[in-house]
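Asker: Mind folding the following:
(one chain, ligands or ions: 2)
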Amino acid sequence: MVSRRYLGDLGGEDPQSPPTGVENYLSGSPPAEDLFRFDNTPARRDRRRVGPERRREGADSDAAHRREQGIHMGQHIQIQNFIDGAMVPPCNGNYMDNIEPATGRVYGQVPDSDAHDIGAAVTAAQRAFPAWSATPVEQRARLLERVADLLESRLEAFAKAESRDQGKPVALAKMVDIPRAVSNFRYFAGAIRHHEESATHMDGKALNYTVRKPVGVAGLISPWNLPLYLLTWKIAPALATGNTCVAKPSEMTSMTAWLLAEVLQEAGIPPGVCNLVFGTGPKAGAALVGHPEVPLISFTGGTETARRIIRDSADGFKKLSLELGGKNAYIVYADADLDQCLPTTLRAAFTNQGEVCLCGSRLFVERPIYERFLERFTPMVEAMVVGDPTQPETNMGALISQAHLKKVRGYIALAREEGGTVHCGGTRPDLPSHLDGGYYLRPTIVTGLTPTCRVMQEEIFGPVVTITPFDSEEEVIAFANGTRYGLSATIWTRDVSRAHRTAHAMDAGIIWVNTWMLRDLRTPFGGMKASGVGREGGAHSIDFYTESQNVCIQF
Ligand SMILES: NC(=O)C1=CN([C@@H]2O[C@H](COP(=O)(O)OP(=O)(O)OC[C@H]3O[C@@H](n4cnc5c(N)ncnc54)[C@H](O)[C@@H]3O)[C@@H](O)[C@H]2O)C=CC1
Ligand SMILES: O=C(O)/C=C/C=C(\O)C(=O)O
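Answerer: Ligands and ions are numbered 1, 2, ... in the order given. Alright, predicted model coming up:
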């Protein structure tokens, strides 16, 4: 979804104008409260596709639609790898169960691929590289736009599949995950068309010009929290810049990646350009990281996994982009506009069951308004509807897995041991019997902890926030920066000078002031300290997915 406000500023309403990359569906427009009302308002996007194209697509994609229907009708789905333009079983013939978080039931199988499948995919990507990297930019951009169009035309099916696979509300997937995947392809199609490099003149003696070359076969490893959203955040720039790729989605959420394979085929992306290998991190993921013909790895996931990837890729001198965890400070000064702040805080804390690396997990509220903030925030949190992800009124669905639920509950128990109070939540909601096996937890607020305790230092990645009072700007800056993480921070104040001062003092890659998760795909995205290495987004992605080469010509 592209903000009309920004479209107006940057190029008007012309449906042919390039995408701006400004994303605001998590940011208060539609109004913040709407995200938790989830009224399934259809996406208000311009559609750039023409009639005959749509009809041909309809005829071509019957099989895909039957498959998508199967997912929603409860059929058992066996996912296959997508290598060299074809769906193929894993070489070893092994599959893992695919579990639906909402019910805890097995609803399909995912390949348990290994180094042989990765090897086959890398070979296919290498073979496809010369032709794809030589494909004119305009043609690559059009193909990516076609992927975006096809994806958008299947918004409903993809949203349902994402929800079933991940546990998030269908409404959220429909409003956020799938539209963002569409934007990822549209944005990088536009970005590569408009990218230019400058030349420098050396005082009449020489001219330097720089060219950017694709790196080769890109290895792309994505997590389970925003499956298609983050996978396509890597695939789109990798392909736009002329690389071919082998992607390894999280073994816990492979479904929409597999559906994307069909879209890539239909869009006409040539065989071998984008390969998808499904399997676990230690087996398929590690084989991709260690493959000598994969010079670049883009990874989003846990900080400990990233440490492993750094070690495993060291011998190959690979280009690495690592987008990792966060323990994000969310600062509310006493002069904050609470009417604006509170609904946004609800989203910042609990969107996607709190399973977003950018979620504000440590709330710091200035002491004069601390009690008032809690009084107003607590009933909003308690009113959240937790349960069946398919229901439109659901605000929070199921956590990703039994193991993750156990981990999150472990932190709630630890909070009590560390002297905290579970102010609200912390329990399973009462739900109908068909959801008995699902991984649910009520949104939880913990108070009374000291900022150095484990619960306030370690990433929980679930619907648990701490709220802590503070007495001065200096104190809250020290609290905010006092973790090993440095991904994002949010600041609420009406004092512009204080907003700038606090933002400048934050050791974090992304700062929001009086908003949260307002995303502009042109901006650098990534973390400091243990939250990551490198930046992606806009020119930063183009930089990462290419090697720059300078040519100096003496006159
Ligand atoms: N974006 C983020 O910040 C995310 C953070 N996390 C954090 O990490 C914790 C652990 O979650 P996990 O699912 O275990 O995340 P993870 O980091 O293990 O998984 C992310 C991706 O890395 C792959 N992977 C795992 N080990 C690998 C290896 N040795 N080599 C190559 N690829 C590998 C996985 O298969 C998956 O595709 C979470 O509880 C959460 O705290 C998890 C997912 C996303
Ligand atoms: O690029 C974005 O808008 C969001 C990225 C979120 C993550 O990387 C995450 O939650 O892991």
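
Asker: Pull the contacting residues for the closest residue in space to V217 that isn't next to it in sequence.
Answerer: Spatial nearest neighbour of V217, chain neighbours left out: A125 (4.2 Å); criterion: C-beta to C-beta, 6 or more residues apart in numbering. Every residue, glycine included, has its C-beta placed from N, CA and C. A125 makes contact with V217, T244, C245, V246, G272, V273, N275, according to C-beta atoms under 8 Å, 6 or more residues apart in numbering.

Asker: before we move on, could you check phi and psi at the residue in the stretch 351-500 of the chain that ligand 2 sits nearest to?
Answerer: Relative to ligand 2, the nearest point of the stretch 351-500 of the chain is C357 (3.5 Å; C-beta to the nearest ligand atom). The phi/psi pair for C357 (degrees, to the nearest 10) reads phi -60, psi -20.

Asker: Would you mind confirming that K205 is in contact with I553?
Answerer: No: counting by C-beta atoms under 8 Å, K205 sits too far from I553 to count as a contact (10.0 Å).

Asker: starting at the chain centroid, how far to stretch 126-135?
Answerer: Here stretch 126-135 shows a centroid-to-chain-centroid distance of 28 Å under the convention C-alpha atoms, centre = their mean, to the nearest Å.

Asker: Go through it and flag the buried ones.
Answerer: Neighbour counts over stretch 126-135 (16 or more other C-beta atoms under 10 Å) mark Q126, R127, A128, F129, W132, S133, T135 as buried.

Asker: wait, which of those is closest to ligand 2?
Answerer: Among the buried residues of stretch 126-135, and counting by C-beta to the nearest ligand atom, the member closest to ligand 2 is W132, at 24.8 Å.

Asker: what's the distance between the closest one and ligand 1?
Answerer: Distance of W132 to ligand 1, computed by C-beta to the nearest ligand atom, to the nearest Å: 24 Å.

Asker: do the same with A267
Answerer: A267 is 24 Å from ligand 1, by C-beta to the nearest ligand atom.

Asker: What residues does that residue make contact with?
Answerer: Contact analysis of A267 by C-beta under 8 Å, 6+ apart lists L143, R146, V147, L150.

Asker: Just the endpoints, please. Distance across stretch 101-108?
Answerer: Stretch 101-108 has an end-to-end distance of 13 Å (C-alpha to C-alpha, to the nearest Å).

Asker: what's the average pLDDT for it?
Answerer: Average pLDDT, stretch 101-108: 97.

Asker: for that stretch, the distance to its chain's centre please.
Answerer: 22 Å.

Asker: In that stretch, which residues are buried?
Answerer: So for stretch 101-108, counting by 16+ other C-beta under 10 Å, buried means P101, A102, T103, G104, Y107, G108.

Asker: contacting residues around that stretch?
Answerer: Here stretch 101-108 makes contact (C-beta under 8 Å, 6+ apart) with 74, 76-79, 97-100, 163-164, 166-167, 255, 388-390, 397-402, 434-439.

Asker: Only the buried members of those residues: can you turn that into a ChimeraX selection?
Answerer: ChimeraX command restricting those to the buried ones, with burial defined by 16+ other C-beta under 10 Å:
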select :77,79,98,99,100,163,164,166,167,255,388,389,397,398,399,400,401,435,438,439
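
Asker: Among the contacts of stretch 101-108, which lie within helices?
Answerer: Judged by DSSP state H, helices contain the following of these: S163, R164, Q166, M255, Q402.

Asker: just the residues you listed now: which is nearest A314?
Answerer: Nearest to A314 among those: Q166, at 32.4 Å, using C-beta to C-beta.

Asker: Could you check which helix or strand contains the residue most central in space within the chain?
Answerer: Geometric centre of the chain, nearest residue: L230, 3.7 Å, by C-alpha atoms, centre = their mean. Per DSSP states H and E, L230 falls inside helix 227-240.

Asker: mind saving the C-alpha coords of that helix as CSV?
Answerer: Taking C-alpha atoms only, helix 227-240 is exported to CSV below (Å, rounded to 0.1, in the frame of the first residue of the first chain):
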residue,chain,number,x,y,z
PRO,A,227,7.8,-14.9,5.9
LEU,A,228,6.9,-13.6,2.4
TYR,A,229,7.5,-9.9,3.4
LEU,A,230,11.1,-10.6,4.4
LEU,A,231,11.9,-13.2,1.7
THR,A,232,10.8,-10.8,-1.0
TRP,A,233,12.7,-7.9,0.6
LYS,A,234,15.8,-10.0,-0.4
ILE,A,235,14.7,-11.6,-3.6
ALA,A,236,13.5,-8.4,-5.3
PRO,A,237,16.7,-6.3,-5.0
ALA,A,238,18.9,-9.4,-5.7
LEU,A,239,17.1,-10.0,-9.0
ALA,A,240,16.6,-6.4,-9.9
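
Asker: Skip ahead from the longest helix belonging to the chain and say which helix or strand is next.
Answerer: Taking DSSP H as the criterion, the chain has its longest helix at helix 115-134. Reading on from helix 115-134 to the C-terminus, the next helix or strand found by DSSP H and E is helix 137-153.

Asker: where does E33 land on pLDDT?
Answerer: Predicted confidence (pLDDT) for E33: 35.

Asker: For the stretch 151-300 of the chain, which segments count as helices?
Answerer: Along the stretch 151-300 of the chain, counting by DSSP state H, counting those that start in this stretch, helices occupy 155-166, 170-172, 178-194, 227-240, 255-267, 286-290.

Asker: From what I see, R494 and A336 are in contact.
Answerer: Yes: judged on C-beta under 8 Å, R494 makes contact with A336 at a distance of 7.0 Å.

Asker: More neighbours: the two, which one.
Answerer: A336 (22 against 12; other C-beta atoms under 10 Å).

Asker: which SS state does the more buried one fall under?
Answerer: Classification of A336 by DSSP: H, G, I helix; E, B strand; the rest coil places it in coil.

Asker: hey, where'd the helices end up in the stretch 301-450 of the chain?
Answerer: 303-313, 338-350, 367-382, 402-417.

Asker: Tell me which of these is the most buried.
Answerer: helix 338-350 (a mean of 21; mean count of other C-beta atoms under 10 Å).

Asker: Specify the angle between that helix and helix 367-382 in degrees.
Answerer: Put simply, helix 338-350 runs at 60 degrees to helix 367-382, going by axes from the mean of the first three to the mean of the last three C-alpha atoms, to 10 degrees.

Asker: Sitting in strands, which of the contacts of stretch 101-108 do you find?
Answerer: In strands, defined here by DSSP state E, the members of these are I77, Q78, D97, N98, I99, E100.

Asker: So the residue nearest to the first one when sequence neighbours are not counted versus ligand 2, what's the distance?
Answerer: To tie it back to what came earlier, the one meant is I77. In space, and not counting its chain neighbours, I77 is closest to G108: 3.7 Å by C-beta to C-beta, 6+ apart. G108 sits 24 Å away from ligand 2, going by C-beta to the nearest ligand atom.

Asker: shift numbering so it begins at 44
Answerer: Okay, using 44 as the starting number, the last item reads as G151.
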